[in-house]
Each structure stands twice: as C-alpha cells, then as structure tokens.
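Asker: Can you look at this prediction? I've put the sequence above it.
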Amino acid sequence: MPEDLISKKELLDRYAISYGALYRWKRMGLIPEEWFIKKSTVTGQETFFPRSLILERVEWIMSRKDDASLDELVKTLGKAEEEKRYLTIRTPFGDRSFELGDIQAILLDSRDVTREILDILNRK
C-alpha cells in the first residue's frame with residue numbers, strides 16, 4: 001500500500017504559507033524532520049509529507065499561532081509528545097520513528113508480528 005503523501009508545493013498552496021514559515025516550524029521542532037520525505041520525480045527531487053500527519057499539524061499550528069507565540073506552541077507540543085511512545089527502526093539509511101498509536105501492522109517476512117511487538121513494548 002503506497003503512502004498517502006502531499007507535495008510541499010501543494011501544502012504551501014493549500015494553506016497559503018511561505019517556504020520560510022514551513023522551514024521555521026521545522027527548525028523549531030513543530031514539524032518533525034522525518035516528515036520531510038525527499039523523492040525523485042520527473043522534474044528532479046521534490047519534498048513530500050505524510051498527508052494526514054502534516055495536514056493535522058499545520059491546521060493545529062494555524063489555529064493557534066494568532067493566540068500564542070511559536071515558542072509557546074513548541075512547549076505545548078513538547079508536553080503532548082512526552083506522553084507518546086515511539087517504535088524506532090534503525091537501518092544503515094537512518095532512523096525512522098513511529099508513534100505506537102499510529103502503527104497498523106508490523107510485518108516480518110510477510111508474517112504479522114504486530115501483537116507480539118506491541119506486547120513487548122507495552123511491558124516497559
């Protein structure tokens with residue numbers, strides 16, 4: 001099943017946000033680095049994002065940025081992130097982290113090992 005992605009251009013156009021704002025949010029930690037996915041396209045390399053994650057996050061930022069500073073949003077998000085647990089897969093190509101609540105299936109050689117892995121993680 002291919003990932004449902006949205007291009008950076010489509011994201012910027014959809015929310016009328018600037019390239020600079022998007023990368024400021026990234027530098028501040030409001031948007032995780034691992035959500036910036038580089039892919040080759042016919043026009044070169046483009047940046048894409050996991051659609052549901054980035055849309056939810058941008059809407060969250062946009063709905064609060066007039067009432068709170070970006071630094072306050074970072075603190076609010078940090079508190080929420082501290083409560084979440086993650087599974088990180090480390091490969092020679094880098095780390096990829098997944099929030100436990102977002103995992104739908106973990107496959108090992110086509111065998112579903114989701115329940116076993118989540119049981120191990122939940123023992124801690």
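Answerer: Yep, that arrived.

Asker: Leaving out the residues flanking it, which one is nearest to the residue most central in space within the chain?
Answerer: Geometric centre of the chain, nearest residue: Trp35, 4.1 Å, by CA atoms, centre = their mean. Spatial nearest neighbour of Trp35, chain neighbours left out: Phe49 (5.2 Å); criterion: CB to CB, 6 or more residues apart in numbering. (C-beta placed from N, C-alpha, C; glycine too.)

Asker: residue boundaries of the helices in the chain?
Answerer: 8-15, 19-28, 51-64, 70-82, 114-122 (DSSP state H).

Asker: Out of those, name the one with the poorest average pLDDT.
Answerer: Mean pLDDT per stretch puts helix 70-82 lowest among those, at a mean of 78.

Asker: still on that earlier bit, from memory the residue nearest to the centre of the chain sits against Leu55, does it?
Answerer: No: contact criterion CB atoms under 8 Å: Trp35 and Leu55 do not qualify, at 11.1 Å.
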